[in-house]
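In: give me coordinates for this.
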Amino acid sequence: MKKVNLLVLVALLSISTVFATETEPTSDEKGKTVTQQVATLLSEPGFEVKKDLTAQVTLMVNKANEVVVIDVDTKEEYVAAFIKSRLNYEKLETQTVGTQFTVPVRIVPGV
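Out: Residues are numbered from 1 along each chain as shown. The predicted structure is shown next:
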């Protein structure tokens, strides 16, 4: 009986190893990360930036691949309003549905 159990275990391990090592070829072009996509959406604010503005943005991606802003931690209310208006319900190219992200945001004065 021990030999049969051992034989079944070895067969299962070898089958699972075959499936685990088999991968699909990946393309050379990688998609943008969530942080990069958020940076693109927040580029060129509609107000004059006189000093560095920072915020911690907590967001989530829903089933429709749309951003849902959960919280914006910043001292400036207009920065929070800007971030929410630019990000809420914007579509992202991501497969991380339901994952919560915390993204640091820094808006710097233009040169």
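
In: buried set for stretch 69-88?
Out: The neighbour-count check on stretch 69-88 (16 or more other C-beta atoms under 10 Å) flags 69, 72, 74, 79-80, 82-83, 86-87 as buried. Heads up, the C-betas are built off the backbone N, CA and C, glycines and all.

In: what do you get for stretch 35-53?
Out: For stretch 35-53, the neighbour count (16+ other C-beta under 10 Å) marks 37-38, 42, 53 as buried.

In: now what about it, what contacts it?
Out: 32, 57, 59, 67, 74, 76, 78-79, 82-83, 86-87, 90, 92-94, 101, 103, 105-110 (C-beta atoms under 8 Å, 6 or more residues apart in numbering).

In: quick one, helices of the protein?
Out: Counting by DSSP state H, the chain has helices at residues 2-21, 34-41, 77-87.

In: mind saving the C-alpha coords of the second one as PDB?
Out: Meaning helix 34-41. C-alpha atoms of helix 34-41 as PDB (Å, rounded to 0.1, in the frame of the first residue of the first chain):
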ATOM      1  CA  VAL A  34      -0.400  51.400 -12.600                       C
ATOM      2  CA  THR A  35       1.900  54.100 -11.300                       C
ATOM      3  CA  GLN A  36       2.900  55.000 -14.900                       C
ATOM      4  CA  GLN A  37      -0.700  55.200 -16.000                       C
ATOM      5  CA  VAL A  38      -1.600  57.300 -13.000                       C
ATOM      6  CA  ALA A  39       1.300  59.700 -13.700                       C
ATOM      7  CA  THR A  40       0.000  60.100 -17.300                       C
ATOM      8  CA  LEU A  41      -3.500  60.900 -16.100                       C
END
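
In: how about the contacts made by the residue nearest the centre of the chain?
Out: Residue closest to the average C-alpha location in the chain (C-alpha atoms, centre = their mean): Val34, at 3.7 Å. Applying C-beta under 8 Å, 6+ apart, we find Val34 in contact with 61, 92, 94, 96, 101, 103.
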